[in-house]
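>>> Build me a model from this:
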Amino acid sequence: YSTAARNNLSTEELVTTLSNTVSALPKHTVQVIRHVWNEQGKSISTSEDARNTATVGQFVDLKWKLGVAMSSDNCRSLKYPYVTVTLKVADPSGQITDRSFEMTIPQFKNFFTQFKEMASVLETI
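Residues are numbered from 1 along each chain as shown. Here you go, the predicted model:
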């Protein structure tokens, strides 16, 4: 939707572009996209949010590492495992920035589960 908003596409242009790009797109999915774009497309295209959304960066790379916090000033024996994730993202001008964050093991497992769900959805397209 953000690309369609940025390019001010009509409903038919959006559907045609999607159909040409993703050949295995189910008919019911195309119908839902058409309906939502008919209902919301004009407001998305003219809103300030669309301009900001249209300039979202592009994912370049993901790196992760497992670490264990051994101790701190307040606790001599933490032995607390964590995962550090670093995302490389290219902004619209092409400049690459790194975004890092830490997760507990349960948070990482949830993150991983969500990625598996995305992969299974992508396999249906």
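>>> Downstream of the helix or strand of the chain with the lowest mean pLDDT, the next helix or strand is which one?
In the chain, the helix or strand scored least confidently by mean pLDDT, DSSP states H and E is helix 48-54, which has a mean of 51. With elements assigned by DSSP states H and E, the helix or strand that comes after helix 48-54 is strand 58-69.
>>> partners of the helix or strand following that next one in the sheet?
Using DSSP H and E, the helix or strand that follows strand 58-69 in sequence is strand 80-90. Sheet pairing of strand 80-90 (DSSP bridges) gives strand 58-69 (antiparallel), strand 96-103 (antiparallel).
>>> Let me have the ones you listed in CSV, extended by mean pLDDT and mean neighbour count.
To be clear about C-beta, it is placed using only N, CA and C from the backbone, and glycine gets the same treatment. Formatted as CSV, the strands paired with strand 80-90 follow (pLDDT from 0 to 100; neighbours: other Cβ atoms under 10 Å):
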stretch, mean pLDDT, mean neighbour count
strand 58-69, 89, 11
strand 96-103, 92, 12
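>>> okay, those in a markdown table with distance to residue 18 next?
A markdown table is the format used below for those (distance: least, Cβ to Cβ, whole Å):
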| stretch | distance to residue 18 |
| --- | --- |
| strand 58-69 | 19 |
| strand 96-103 | 28 |
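>>> so which of those strands comes closest to residue 3?
strand 58-69 (11.5 Å; Cβ to Cβ).
>>> quick one: contacts of that closest one?
Contacts with strand 58-69, where a contact means Cβ atoms under 8 Å, 6 or more residues apart in numbering, come from 78-90, 96.
>>> quick one: which two of those residues are the most distant?
Comparing all pairs in the contacts of strand 58-69 by Cβ to Cβ, the longest separation belongs to 79 and 90, at 37.6 Å.
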